[in-house]
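In: Show me the folded form of this:
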Amino acid sequence: MVVSFIVVVFNEASSLAAVHAALQKLKRPDDIDIETIAVDGGSRDGSVEAAQNAGFSRVVELPGANIPTCRNAGIRAARGDWIAFVDGDCILDEDWLLHAARLLNRHQPLILGWPASPPTPGTWVQRAWYAHWMNKHPALEKDQGEQVLKQQGFRMITTRNMICHRDVMDRIGGFDESLDDQARIDLIHNNKTGALIHSSCVMGALTAGAEVVITGRVADPALFLAPLIHEFGWSMDQYDLLGKGTVLGHLLECAGQVCGGYFADPGVKEVPDPANLGFPIAEVDREGDFVITKLPDAGGLVTPATCKEQLLYEIHNPAEYLTPDVIADLTGVKFRETAKDRVAVSGGSGRAKTGLLKVSVGFRDGYIGEGQISYGGPGAVARGQLALDIVKQRLADTGVRAEELRFDLMGVNSLYGNTLDEGKPAEVRLRVAGRTASRSEAVRIGNEVESLYTNGPAGGGGALKSVSEVIAIHSILIDATEVEPVITYKTV
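Out: Numbering: from 1, shown residues only. Next comes the predicted model:
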């Protein structure tokens, strides 16, 4: 039995020796051998030589290839019965393969993935992000005395830390390499879909003397970064300054959020006068350090806690916050409260941008049919559940063709399934929703819920039904040279 470890590499020379050493130290059953394959997508820091020196079984070079393409190349080069994927900075625990082997031997086919723990001691950003990520997948069960994530409680497998039977990859055809291909770029151009562009176009308008700049799809932090570059004369290769400016932009981009919006939790985190929430003010120096505050008479508050929550908001990898201007590193950011509603911020950094732009492509993706009805009083939950069972059977009996269906009791299980103690709420609201290929099929879903008025449990009321078309979004990356911003000027 052979396990092939595929490590996709891009500018990770400093960590490859430790990654390979950890793979060699893995405990494993006697009948298992391992091979290590590094696939480099065009590193400029000597990663290829570092992988060779570290002792990887094979090193594959694919300059300019995206991550899915590199992973598929690793699969083709692998001879293993099991295929594992590890990031170029991910150090596996020595028992990792023992746990995987026990489950892979019992279940066929299977894909296993685990969350990656932050480094020790690590920064507060890394620790907070790990806690946030784990809390999004709380469903656990016992498997031979050990906790593992339930399939239904875990909707995403992270490829930084994943293993599967080889026939799984053969069956699904590997990873989707189409995210960066020319066909997608042509699709973007044909549909005039907007890309998130960089701050230089805003700076161009400011340099020309514009007093008000109105932009389209510009990256959110660029709205704040561009005036800083213009005012302080920063260059586009001063990456640490651009990183600090991006931190500022990220903290301010959601307006009142850093002043206590999306923060209040009565009895835990109190926010004064939230109906008159203030907007943030940043006092910035030439070195990129700044203070966040607000008007003294405005509602809300500015504290290290509000700033930390906003810093982590919508962040994937805090060490690599990708923007069109810079790759910002948020892991070293520090907050210090200097006075009431005044927080000093320092410590952000950055490195060279990727040269890619994020594009969101909209496309028609069917319809959603929905129906709702409420039940209240003693036995409300039981009557609501009976109503769901009736609709579920009716949709099956009448042959409604739906690609996805949800059956929820809002107030009981619509957010967390049945993982929390439901208690005995005095009222619940039933919701049935389904995605269909046609509007006519979507209409039938709401009709079945509405029929509960006279054909369902006692005491139903407030029924609603609706049909809406789904305009779905698919985000991809394209080369920045494919987009040419245009600035127009108008005197008013």
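In: contacts, neighbours, all on C-alpha from now
Out: OK.
In: Test my guess that Arg439 contacts Gly446.
Out: No - contact between Arg439 and Gly446 fails when scored by CA atoms under 8 Å: they sit 11.4 Å apart.
In: what touches both of the two?
Out: Contact criterion CA atoms under 8 Å, 6 or more residues apart in numbering; residues bridging Arg439 and Gly446 by contacting each: 369, 467.
In: Tell me which of the two has more neighbours.
Out: Using other CA atoms under 10 Å as the criterion, Arg439 and Gly446 rank with Gly446 on top: 25 against 16.
In: which residues touch the more buried one?
Out: Contacts for Gly446 (CA under 8 Å, 6+ apart) come out as 369-372, 432-433, 464-467.
In: 7 Å - rerun?
Out: By CA atoms under 7 Å, 6 or more residues apart in numbering, Gly446 lies in contact with 369-371, 465-466.
In: bridging residues for the residue lying closest to it once chain neighbours are set aside?
Out: Once flanking residues are discounted, Gly446 sits nearest to Gly371: 4.2 Å by CA to CA, 6 or more residues apart in numbering. Beta bridges link Gly371 to Val432, Lys465, judged by DSSP bridges.
In: isn't Val326 right up against Lys353?
Out: Yes - the criterion here is CA atoms under 7 Å, and Val326 meets it with Lys353 at 4.1 Å.
In: So which of the two has more stuff around it?
Out: A direct count of neighbours by other CA under 10 Å for Val326 and Lys353 places Val326 higher, at 27 against 16.
In: contacting residues around the more buried one?
Out: By CA under 7 Å, 6+ apart, the neighbours of Val326 are 239, 242-243, 350-353.
In: switch to 6 Å and redo it
Out: 352-353 (CA atoms under 6 Å, 6 or more residues apart in numbering).
In: Give me the distance between stretch 351-364 and the centre of its chain.
Out: What separates the centre of stretch 351-364 from the centre of its chain is 14 Å, taken as CA atoms, centre = their mean, to the nearest Å.
In: which other residues reach that stretch?
Out: Applying CA under 6 Å, 6+ apart, the contact partners of stretch 351-364 are 193, 195-196, 239, 324-327, 471-480.
In: let's see it at 8 Å
Out: Contacts of stretch 351-364 (CA under 8 Å, 6+ apart): 188, 193-197, 237, 239-240, 243, 322-328, 469-480.
In: now it: mean pLDDT?
Out: The average pLDDT for stretch 351-364 rounds to 89.
In: again with stretch 204-224
Out: 88.
In: Just the buried residues of that stretch, please?
Out: For stretch 204-224, a neighbour-count test (16 or more other CA atoms under 10 Å) marks 205-206, 218-224 as buried.
In: and the gap between Arg336 and Asn413?
Out: From Arg336 over to Asn413 the distance is 40 Å, taken as CA to CA, to the nearest Å.
In: any idea how far the residue positioned nearest the centre of the chain lies from Val258?
Out: With distances taken as CA atoms, centre = their mean, His316 lies nearest the centre of the chain, 5.2 Å away. Using CA to CA, one gets 19 Å for the distance from His316 to Val258.
In: The residue nearest to the centre of the chain looks like it's in a strand, true?
Out: No - counting by DSSP: H, G, I helix; E, B strand; the rest coil, His316 is not found in a strand; it is coil.
In: A strand includes Asp170, no?
Out: No - looking at Asp170 with three-state DSSP, it is helix, so not inside a strand.
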